[in-house]
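Trainee: Quick one, what's the 3D model for this:
(one chain, ligands or ions: 1)
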Amino acid sequence: METVAIIPAAGSGTRLGLGTPKAFVPLEGQTLLERAVAGALDVGVHRVVIAVPRDLEARTQDLFRAQPNVHTVVGGSERTESVRNALASIEGNPSYALVHDAARPLTPRRVFDRVLTALRAGHRNVVPVLPVSDTVRTLSSQQPEDVAGLSAPVERAWLRAVQTPQGFAFKDLADAHERFERDATTNVTDDASLLEAMGIPAVGVEGSHEAFKITHPLDLELARMLCQRKEN
Ligand code: C5P
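Mentor: As a prediction, the model looks like this:
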């Protein structure tokens, strides 16, 4: 049963404010991307396809030159396009696909294992989830910048934040992206939502606080501290 991992790494990292695409930011001697790829390889995926910005394609190929099962494609302007480009480069019929953000470099092995176990048990759309600690409200205005108008809080006990790696039957993921490319009307921020739109509901497994997404400078600080603590 072949498993491929797709690592979307073509984001600009604007919110991190370092002037380097986020996946190429160093974290204690290794880029976020190298750490994310290592996480996937550690659980025995057979192939990894990374989607990167066009101007970093050659550098990425160099970075993984010694690993023949790691391939690089050029990503797109949206995350969905980056995943789609990676999918288009995959030949054959793998059984499973993991999609894992380069921006979650410290995801522990146990999260990958939980996702893979659920896939092998026959689930087709698997996401790691975590309870939400803040109280959450939606905005009542039509403008995301306008925070003055708020709806009532959503009941927190029912909320879950969704992480990666997300796991899918490979064919479903390929079909979902093909369909999205044809019919997309709204933006989506993960792949599980695309399968759900096709009538394949997402199944949750336990995520991890260590699988947090590096988005803001403080996230990078935290990641550095965690890496240093592990090394000592
Ligand atoms: O922007 P966000 O933090 O949600 O990105 C999640 C992941 O998707 C990151 O690893 C980022 O590099 C990747 N991405 C991509 N192509 C884009 C935008 C984001 O591969 N156009």
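Trainee: Quick check: phi and psi at residue 127.
Mentor: Backbone torsions of residue 127, given as degrees, to the nearest 10, read phi -130, psi 140.
Trainee: what separates the most centrally placed residue in the chain from residue 113, distance-wise?
Mentor: For the chain, residue 101 is the residue whose C-alpha lies nearest the centre (C-alpha atoms, centre = their mean; 2.7 Å). According to C-beta to C-beta, to the nearest Å, residue 101 and residue 113 sit 18 Å apart. In this view, the C-beta of every residue, glycine as well, is placed from N, C-alpha and C.
Trainee: now what about stretch 134-141, what contacts it?
Mentor: 146, 147, 148, 149, 150, 151, 152, 153, 154, 156, 159 (C-beta atoms under 8 Å, 6 or more residues apart in numbering).
Trainee: Show me how far it is from its chain's centre.
Mentor: Centre-to-centre, stretch 134-141 and its host chain are 24 Å apart (C-alpha atoms, centre = their mean, to the nearest Å).
Trainee: That one spans what distance, first to last residue?
Mentor: Its first and final residues considered, stretch 134-141 spans 21 Å by C-alpha to C-alpha, to the nearest Å.
Trainee: Quick one: mean pLDDT for it?
Mentor: Averaging pLDDT along stretch 134-141 yields 93.
Trainee: ok, now stretch 31-47?
Mentor: Rounded mean pLDDT across stretch 31-47 is 97.
Trainee: That stretch: which residues count as buried?
Mentor: 31-37, 39-41, 43, 45, 47 (16 or more other C-beta atoms under 10 Å).
Trainee: Out of those, list just those in strands.
Mentor: 31, 47 (DSSP state E).
Trainee: So which of the buried residues of stretch 31-47 is the closest to residue 228?
Mentor: Here the nearest of the buried residues of stretch 31-47 to residue 228, counting by C-beta to C-beta, is residue 35; it sits at 14.2 Å.
Trainee: How about that closest one: what's its closest non-neighbour residue?
Mentor: residue 105 (3.6 Å; C-beta to C-beta, 6 or more residues apart in numbering).
Trainee: Give me the neighbour count for that neighbour.
Mentor: 28 (other C-beta atoms under 10 Å).
Trainee: try residue 150
Mentor: 11.
Trainee: isn't residue 170 right next to residue 94, touching?
Mentor: Yes - if you go by C-beta atoms under 8 Å, residue 170 and residue 94 touch, sitting 4.6 Å apart.
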